[in-house]
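Q: here is a sequence together with a model predicted from it:
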Amino acid sequence: MNTLTTYYSSDEDGDAPVAGDLLGSSSASAAASYSATASASASAAPVDFKALTKNLVAAPEVAVKEAVDSGTFLSPSTKEVAYNPRVEEMYGAELGPENPFKTRQQKAQKNMLAGYVEPAHFNAFQFETQRRTFHSYGYALDPTVDNAAGVPGASFIGEVEAAATNKGLTVFETSKTRPGDKRKREDRGDPSVIDGYLGPWARHKDEITVSKPSEEQQVELTRILDIKVAQSRQKDDKTIEEKTQLHIDNPLDYQGRTYLHAPRDLDVDLYTEDAPAKCFLPKRCIHTWTGHTKGVSAIRLFPNSGHLLLSASMDCKVKIWEVYNERRLLRTITGHSKAVRDISFNNDGTRFLTASYDRFVKMFDTETGQCLGRYTTKKIPYCVKFNPDEDKQHIFLAGTSDKKIVQWDTKSGEIMQEYDRHLGAVNTISFIDDNKRIVSTSDDKSIRVWEWEIPVDSKYIAEPSMHAVSAVAMSFNSRWMLAQSSDNQLRVYDAAHKLRLNKKKIFKGHMVAGYACQPGFSPDGHYVISGDGDGNLCVWDWKSCKLFNKIKAHAEVCVACEWLPHETSKIVTCGWDGLIKLWD
């Protein structure tokens with residue numbers, strides 16, 4: 001075995017260095033031992049190392065400039081090329097490692113999930129024609145073959161025999177001409193003469209322009225119409241008998257006073273006109289009134305004292321409850337055939353009005369439950385309100401579904417005035433400016449202000465951003481009007497200054513869209529309350545508009561709430577679950 005002892009790059013480098021110089025002084029001993037081993041293995045004479053030296057080229061190979069591939073590589077996902085590539089670059093094989101785990105289908109080029117789709121032009125009418133033909137007759141042209149219907153040798157798919165029978169005609173070509181398809185028209189006239197020229201508007205000769213029933217048909221139609229009119233009159237004029245039931249043994253106390261008299265043996269003075277100095281947030285339910293079989297739609301407290309509670313329900317009944325002492329059910333009044341929508345007391349609470357979906361407004365006596373009057377315009381009344389003036393307690397207003405506000409006189413039972421400027425059903429009626437003006441809201445997303453007994457609105461409030469106002473509440477000092485907007489907001493209007501919108505007062509955080517949830521104020525004016533569609537009782541701070549508390553009051557919609565006028569923290573709520581609750 002020969003051993004490499006010396007190498008060099010060329011003969012011009014001079015004499016080749018010896019092995020010791022090449023390996024370095026530190027490797028001299030190792031080279032000597034290696035030489036000794038090599039000598040021992042040789043059986044012949046001593047070997048001449050210079051004769052065995054081989055020439056090696058240690059410099060790396062350098063590629064020629066022309067051999068270097070300087071082309072630009074394109075990515076298969078490139079959508080736009082900024083230069084003009086060569087054909088070899090466009091159709092060259094993809095470089096780089098291949099994923100061994102992908103199937104052949106996964107490796108194929110795709111532009112959508114199922115594969116590669118190429119855009120193709122086709123006539124939409126022809127496509128729809130073939131689709132309808134296949135749906136009706138069971139055959140259509142083969143889309144994989146370039147052919148046309150009616151051409152000899154055209155290939156079809158589906159029921160080929162039916163295609164041969166119909167000669168490959170489509171649904172638009174197989175329909176036969178009917179007798180009325182081609183009708184003759186009257187003479188169009190001379191276009192140079194304007195008078196009498198009919199042109200394309202000429203009538204068909206057999207066209208009948210007047211359809212008049214025969215004498216026998218006219219008699220039968222008249223008889224049917226008379227029957228319908230008579231039935232509608234009977235249905236509208238039909239009213240149920242008003243009934244009342246007293247639920248207590250004795251309606252009089254030991255002094256001979258009825259339940260209309262406010263009690264004096266309480267911790268709070270119900271006869272004072274002063275509001276509490278400071279109100280607080282309620283925390284828990286202290287009483288629940290049950291008795292209505294369906295949802296409660298409205299509640300009203302007895303004027304001034306608030307010792308009685310009037311409730312209207314969808315079970316067509318109106319009930320009177322005690323608020324203090326035993327909190328009993330005092331009286332039930334039945335006088336409507338459909339759900340009761342709204343109720344309203346007069347100033348002294350001796351009478352109240354009920355508005356129902358049976359199109360009647362009725363007036364009852366609070367003490368006896370006797371019906372004192374029935375009023376109807378054949379339309380559904382959505383809201384009723386007595387005139388607050390003492391000399392006009394025999395007059396009330398009713399907002400109806402036919403976009404009108406009707407003014408009734410209970411003495412004569414006749415309509416005194418109609419306010420009909422709204423474009424939708426009237427939702428609420430309120431009195432402002434010492435009862436000289438009326439404020440009405442409607443489904444037409446507007447608020448109108450009327451002068452008393454003048455059927456023309458003096459102010460019209462409607463903005464593109466406004467929503468329909470479903471309920472309103474006046475503050476205890478009659479300064480502010482709180483409007484329940486259908487965009488889940490409570491808006492505040494200044495009733496003392498031309499009913500201007502206070503843009504800084506907006507109360508949010510509840511959901512009332514689609515419900516007419518009645519809002520309210522605390523007696524001191526520091527809090528605003530309202531129910532919502534989720535059954536919550538929401539309480540806001542008047543000054544900061546911050547939502548202080550949200551109490552889960554009812555299982556269904558909390559449709560109304562009233563703060564007791566002489567209490568600091570007692571609120572009455574009602575909901576569509578048929579319950580009325582007292583919170584403190």
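A: Thanks, I have the structure now.
Q: for the chain, which helix is longest?
A: helix 215-237 (DSSP state H).
Q: report the rounded mean pLDDT for that one.
A: With pLDDT averaged residue by residue, helix 215-237 scores 83.
Q: how many other residues sit next to residue 86?
A: 10 (other Cβ atoms under 10 Å). The way it works is simple: take the backbone N, C-alpha and C, and place the C-beta from them, glycine included.
Q: re earlier: quick check: next helix or strand after the longest helix of the chain?
A: strand 243-246 (DSSP states H and E).
Q: strands paired with that next one, and their directions?
A: Sheet pairing of strand 243-246 (DSSP bridges) gives strand 329-334 (antiparallel).
Q: measure how the next helix or strand along the chain from the partner strand sits relative to strand 329-334, angle-wise.
A: Next helix or strand after strand 329-334 toward the C-terminus (DSSP H and E): strand 340-345. Relative orientation of strand 340-345 versus strand 329-334 (axes from the mean of the first three to the mean of the last three Cα atoms, to 10 degrees): 130 degrees.
Q: buried ones in strand 340-345?
A: 340-345 (16 or more other Cβ atoms under 10 Å).
Q: now for those, which pair is the farthest apart?
A: The widest separation within those, taken as Cβ to Cβ, falls between 341 and 345 and amounts to 15.8 Å.
Q: that older thread, and which of the buried residues of strand 340-345 is nearest residue 379?
A: The closest of the buried residues of strand 340-345, once distances to residue 379 are taken by Cβ to Cβ, is residue 341, at 12.2 Å.
Q: test my guess that residue 248 contacts residue 330.
A: Yes. Between residue 248 and residue 330 a contact is recorded at 5.9 Å, counting by Cβ atoms under 8 Å.
Q: overlap of the contact sets of the two?
A: Taking Cβ atoms under 8 Å, 6 or more residues apart in numbering as the criterion, residue 248 and residue 330 both touch residue 259.
Q: what about the two, which has more around it?
A: Neighbour totals were compared for residue 248 and residue 330, and residue 330 leads with 18 against 13 (other Cβ under 10 Å).
Q: now that one, nearest residue through space, not along the chain?
A: residue 320 (4.6 Å; Cβ to Cβ, 6 or more residues apart in numbering).
Q: next: residue 110.
A: Per Cβ to Cβ, 6+ apart, closest to residue 110 is residue 116, 5.5 Å.
Q: tell me the SS of the spatially most central residue of the chain?
A: Among the residues of the chain, the one closest to the centroid is residue 513, at 9.0 Å (Cα atoms, centre = their mean). Three-state call for residue 513 (DSSP: H, G, I helix; E, B strand; the rest coil): coil.
Q: for residue 336, give me its contacts.
A: Applying Cβ under 8 Å, 6+ apart, the residues near residue 336 are 240, 316, 354, 356-358, 360, 362.
Q: quick one: low-confidence ranges for the protein?
A: 1-71, 148-153, 175-181, 233-238 (pLDDT under 70).
Q: quick one, helices of it?
A: 19-23, 28-41, 49-52, 87-90, 104-107, 124-137, 160-165, 171-174, 215-237.
Q: would you convert the buried residues of strand 340-345 into TSV that also reports distance to residue 226?
A: Below are the buried residues of strand 340-345 laid out as TSV (distance: Cβ to Cβ, whole Å):
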residue	distance to residue 226
340	34
341	33
342	36
343	39
344	39
345	44
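Q: quick one: contacts for the nearest residue to residue 191 once chain neighbours are set aside?
A: Leaving aside its chain neighbours, residue 191 sits nearest to residue 197 (5.7 Å; criterion: Cβ to Cβ, 6+ apart). Residue 197 makes contact with 188-191 under the criterion Cβ under 8 Å, 6+ apart.
Q: same question for residue 107.
A: 98-99.
Q: what separation do you get for it and residue 505?
A: For residue 107, the distance to residue 505 equals 68 Å [Cβ to Cβ, to the nearest Å].
Q: count of residues packed around the closest residue to residue 433 other than its chain neighbours?
A: Spatial nearest neighbour of residue 433, chain neighbours left out: residue 495 (7.3 Å); criterion: Cβ to Cβ, 6+ apart. Per other Cβ under 10 Å, the neighbour tally for residue 495 reads 22.
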